[in-house]
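Asker: what would the 3D arrangement of this be:
(one chain, ligands or ions: 1)
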Amino acid sequence: MLCDEVKRVMYFFLDESLGDSKRHAVEIHVSGCPDCEVRVVVHKKLRSFIRRRLSPVLAPDTLRIRLTQSLRAVPAE
Ligand SMILES: [Zn+2]
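Answerer: Reported below is the predicted structural model:
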């Protein structure tokens, strides 16, 4: 497996939706490739970070409206 392929299947790999043989191939590659190992770690952190930020509640309407208004107040460059 090549780095490009690892990049391509990274999402599915972390999502654990990759087939057994493919996942195994990724694991073997990652264990021997520092670049991809770093990539896996970074993606994992990113995923848990995003999950924490998105859950569990969406911004209340009032906050959302205020945010939209303040964004509009920012002058366009
Ligand atoms: Zn690699």
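Asker: quick one: name the residues of the chain near the ion.
Answerer: Where the chain comes near the ion, counting by Cβ under 5 Å from the ion, the residues are 3, 33, 36. Using the backbone N, CA and C atoms, a C-beta is placed for each residue, glycine as well.
Asker: what about the residues you listed, which are in helices?
Answerer: 3, 36 (DSSP state H).
Asker: reformat the residues of the chain next to the ion as CSV; add neighbour count.
Answerer: Below are the residues of the chain next to the ion laid out as CSV (neighbours: other Cβ atoms under 10 Å):
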residue, neighbour count
3, 13
33, 16
36, 20
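Asker: now the residues of the chain next to the ion in TSV, with distance to residue 20 and pLDDT?
Answerer: Below are these laid out as TSV (distance: Cβ to Cβ, whole Å; pLDDT from 0 to 100):
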residue	distance to residue 20	pLDDT
3	21	96
33	20	97
36	19	96
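Asker: so residue 22 is in which element?
Answerer: Using DSSP states H and E, residue 22 sits in helix 20-32.
Asker: check which helix or strand the most centrally placed residue in the chain maps to.
Answerer: When Cα atoms, centre = their mean is applied to the chain, the residue found nearest the centroid is residue 47 (4.1 Å). Using DSSP H and E, residue 47 sits in helix 34-54.
Asker: return the set of buried residues in stretch 40-47.
Answerer: Neighbour-count burial for stretch 40-47 flags residue 40 (criterion: 16 or more other Cβ atoms under 10 Å).
Asker: quick thing: my sequence starts at 285, can you match it?
Answerer: With the count now opening at 285, the last piece we talked about shows up as stretch 324-331.
Asker: from the middle of its chain, how far away would it be?
Answerer: Centroid displacement of stretch 324-331 relative to its chain, using Cα atoms, centre = their mean, to the nearest Å, is 6 Å.
Asker: stretch 338-357 now?
Answerer: On Cα atoms, centre = their mean, the centre of stretch 338-357 falls 23 Å from the chain's centre.
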